[in-house]
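S.K.: Fold the following for me, if possible:
(one chain, ligands or ions: 2)
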Amino acid sequence: MTVHLNAKEGQIAETVLLPGDPLRAQHIAETFFENPELHNTVRGMHGYTGTYKGQRVSVQGTGMGIASSMIYVSELITGYGCKNLIRVGTCGSYQPHVHVRDLILAQAACTDSNINNIRFGAKTYAPIADFGLLLRAYQIAQERGFTSHVGNIMSSDTFYHDDFDQYKIWADFGVLGVEMEAAGLYTLAAKHGVRALTILTVSDHLVTREETTAEERQMTFNGMIEVALDAALGL
Ligand SMILES: O=P(O)(O)O[C@H]1O[C@H](CO)[C@@H](O)[C@H]1O
Ligand SMILES: O=c1cc[nH]c(=O)[nH]1
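M.R.: Ligands and ions are numbered 1, 2, ... in the order given. Next up is the predicted model:
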């Protein structure tokens, strides 16, 4: 047990999918896992372990934001020995060519969080995905015919900005979209020498203002889950 997870030793697999939403964790376990078992109940942040195509795999909700998700990522790595961490989340698109329901494979993550300034001071650390996982996920997405974009994203501490148009500075530098966790995940994975990737489904669009429903965000977006699970097979 760790401070925020009450799974027993050995109850969590080396590969863990990480949605922000604990109800998406339940949906993933019930839809994709054989024999899913609930491994965490602390704070209602549900986590499940089962098998996928015969390989043990877990899914753990992380909550929203770098602060919450880094607690779970830290405990999964240091408390349970997890080695392959794949975030499966939603994001807003910053780019006209990146459409709602497209996939983004986050090669790297900018952030407005102070989390890395605490570590690195005035120097800038560049949080990046594991290249092997990224390549596998991209190839699988291509084979399945999913529209996917590989590139830089923004992990923001702020969902509601006072100035809506502030995203344009990032869009001008090619950043594809915005979520709230990947930069923390990539930084911790690098520190501990484990693999990490973030796969996102575009749930809303900052340019066109198109949106999806909460139910769709919780219950669908299964394409990215298939990509994540198949990319981790054999690891
Ligand atoms: O869909 P999830 O994984 O929660 O990800 C995105 O959605 C939340 C904001 O609505 C943030 O956690 C953001 O990163
Ligand atoms: O963090 C997020 C997630 C989805 N859409 C956004 O605009 N931001």
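
S.K.: Show me the residue of this protein that gets nearest to ligand 1, please.
M.R.: Going by C-beta to the nearest ligand atom, ligand 1 is nearest to residue 20 of the chain, at 2.2 Å. Yep, even glycine has a C-beta here, placed from its N, CA and C like the rest.

S.K.: If the nearest residue to residue 203 once chain neighbours are set aside is in a bridge, with which residues?
M.R.: With sequence-adjacent residues excluded and distances taken as C-beta to C-beta, 6 or more residues apart in numbering, residue 203 is closest to residue 90, at 3.8 Å. When assigned by DSSP bridges, residue 90 has beta-bridge partners residue 201.

S.K.: Check residue 90 and give its pLDDT.
M.R.: Among the per-residue scores, residue 90 holds a pLDDT of 95.

S.K.: my guess is it meets residue 200, correct?
M.R.: Yes: look at residue 90 against residue 200 with C-beta atoms under 8 Å: they come within range, at 6.4 Å.

S.K.: Which neighbours do these two have in common?
M.R.: residue 179 (C-beta atoms under 8 Å, 6 or more residues apart in numbering).

S.K.: Of these two, which one has the most company?
M.R.: The residue with more neighbours, out of residue 90 and residue 200, is residue 200; 28 against 22, by other C-beta atoms under 10 Å.

S.K.: residues in contact with that one?
M.R.: Counting by C-beta under 8 Å, 6+ apart, residue 200 has contacts 87-91, 103-106, 153, 177, 179, 224.
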